[in-house]
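Colleague: This is a predicted model, with the sequence first.
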Amino acid sequence: MKIGELAKHSGIAASTIRYYESIGLLPHGTRNNNGYRQYDKASVEQLKMIKFAQSLGFSLEEIPSLRKPNEELDHNAIIVRLGEKQHEANALIKQLQRKSERIGNLITLLNASWSNGECIGDEKINELLNEVEY
């Protein structure tokens, strides 16, 4: 199949496929006599694996480290990195939960103040500002 067909089957733009080839994530398609690149079903599967790895938080730079020098998957490296990705995801979830709680508390505070026709005072604003995590 040509690169356009590969793009259609994989859901990945042809320009992205060319980029993956240029950085070595995807083997270059073989060229026909007419100069068109030809790809096989394995290319579609490889592109799906790249997108799947990205969906788990792996960067394009990390993906090659999941293979051994002989191109087989490095099961130990995958398990270790997946554990790290899970830890990162859990930390992000906690951060988002804290953010949601702060937003909810602020909504409650503002509703209580504004329903009484009041604004929150400078002291309360400074207290809120000191709670900000950087």
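Modeller: Structure received. Since this is a predicted model, take the numbers as computed values, not measurements.
Colleague: can you tell me how far Lys51 sits from Arg31?
Modeller: For Lys51, the distance to Arg31 under the criterion CB to CB, to the nearest Å works out to 25 Å. Every C-beta, even on glycine, is put in place using the N, C-alpha and C of the backbone.
Colleague: residues near Arg67, how many?
Modeller: By other CB atoms under 10 Å, 13 other residues sit near Arg67.
Colleague: Can you tell me the SS state at the residue nearest in space to the middle of the chain?
Modeller: Centrality entry for the chain: nearest residue to the mean C-alpha point is Gly57, 4.4 Å, by CA atoms, centre = their mean. In the three-state summary, Gly57 is assigned as coil, counting by DSSP: H, G, I helix; E, B strand; the rest coil.
Colleague: so what's the closest residue to it other than its chain neighbours scoring on pLDDT?
Modeller: Of all residues not flanking Gly57 in the chain, Lys85 sits nearest, at 4.6 Å (CB to CB, 6 or more residues apart in numbering). In the predicted model, Lys85 carries a pLDDT score of 97.
Colleague: circling back: got the contact list for the residue nearest to the centre of the chain?
Modeller: If you count contacts by CB atoms under 8 Å, 6 or more residues apart in numbering, Gly57 has them with Lys85, Glu88, Ala89.
Colleague: And it, how close does it get to Ile50?
Modeller: For Gly57, the distance to Ile50 under the criterion CB to CB works out to 13 Å.
Colleague: If you count neighbours, what's buried in stretch 89-99?
Modeller: Within stretch 89-99, no residue is scored as buried using 16 or more other CB atoms under 10 Å.
Colleague: right, I mislabeled it, should have said stretch 74-85
Modeller: For stretch 74-85, burial by neighbour count (16+ other CB under 10 Å) applies to Arg81.
Colleague: how far is the one helix or strand Lys99 maps to from where the chain is centred?
Modeller: Counting by DSSP states H and E, the secondary-structure element that holds Lys99 is helix 75-115. Here helix 75-115 shows a centroid-to-chain-centroid distance of 16 Å under the convention CA atoms, centre = their mean, to the nearest Å.
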